[in-house]
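Novice: Starting from these lines, generate the structure:
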Amino acid sequence: MDRTRDVAVIVGSLRKDSLNRKVAHALAELAPAELTLSIVEIGQLPIYNQDTDDDPPAQWTAFRGRIRAADAVLFVTPEYNRSVPAALKNAIDVGSRPYGKSAWSGKPGAIVSVSPGNIGGFGANHHLRQSLVFLNVPTMAQPEAYVGGADKLFDASGKLVNDGTRKFLQGFMQAYAAWVVANGNS
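Specialist: A predicted model of the protein is given here:
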C-alpha cells in the first residue's frame, strides 16, 4: 500500500461494556499498519427526520463530514431481533441523506457481527449487507466474520485472550486492507 487508509469504525452497540466495542478495539490492534481505525460514535445522533434536512442538527453535519473524510468503513455490530440495533440503522440513515448526497457512497466496507450466542450475529450481518448494497458501499464478501461466544473471548480489562479468534481477526483485517486498496480511491 502506498499510504495509510483512514477507516471509520461504526460500533452498533451503545452499551458501556459492549462486546462489539471490545472487538473493534481488538481489530484496531490487529490491523495492518496501512490502516488506521478510529471509532466514530453514533449514540449522540438525533433520530433521522427528513423535515430537518434543510437545517440539520450539528451532530448530523459532523457525522456526515467524518464519514465523507474516511477512506473506508468497518461495521462492528450485535444482532437485535435478527437485524441491526436502532442506533446503527439511524446512523446509516443520517449518513445517507439528504437523498443523492450519501456520505457512504463508494467507501469500501466490511462487517463483523459479534454475539455471545453461537451464530455470531449472522442475521444482523446479512441484514446490514442489504442496506450497504443500496448505499453503494462495496462490502467485502470473504472472509465473513461472525464472532460467536464473544463473552468468553476477553479478560477483565477487555483484552482479547483467545488465540484462535485473534488469528482469525488478524487474517480478516489483512483481507480487509487488501479490499480497501482494491476498491477505494488511491
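Novice: helix/strand/coil for the most centrally placed residue in the chain?
Specialist: Nearest to the centroid of the C-alpha atoms of the chain, with distances taken as C-alpha atoms, centre = their mean, sits residue 75, at 1.3 Å. The three-state assignment at residue 75 reads strand, by DSSP: H, G, I helix; E, B strand; the rest coil.
Novice: Roughly how far does it sit from residue 8?
Specialist: 10 Å (C-beta to C-beta, to the nearest Å). No exception for glycine: its C-beta is placed from N, CA and C like everyone else's.
Novice: Next up, the contacts around the residue nearest to the centre of the chain.
Specialist: Applying C-beta atoms under 8 Å, 6 or more residues apart in numbering to residue 75 gives the contacts 9, 10, 12, 88, 109, 110, 111, 112, 128.
Novice: count of neighbours near the first one?
Specialist: I take that to be residue 9. Residue 9 has 23 neighbouring residues, counting by other C-beta atoms under 10 Å.
Novice: Next: the second one.
Specialist: Neighbours of residue 10 under the rule other C-beta under 10 Å: 26.
Novice: How much space separates it from residue 137?
Specialist: Distance from residue 10 to residue 137, by C-beta to C-beta: 11 Å.
Novice: Need the overlap of contacts for these two.
Specialist: What both residue 10 and residue 137 touch, as defined by C-beta under 8 Å, 6+ apart, is the set residue 73.
Novice: ok, what's across the strand from the residue lying closest to residue 86 once chain neighbours are set aside?
Specialist: Of all residues not flanking residue 86 in the chain, residue 80 sits nearest, at 7.6 Å (C-beta to C-beta, 6 or more residues apart in numbering). With DSSP bridges applied, residue 80 shows beta-bridge pairing to residue 83.
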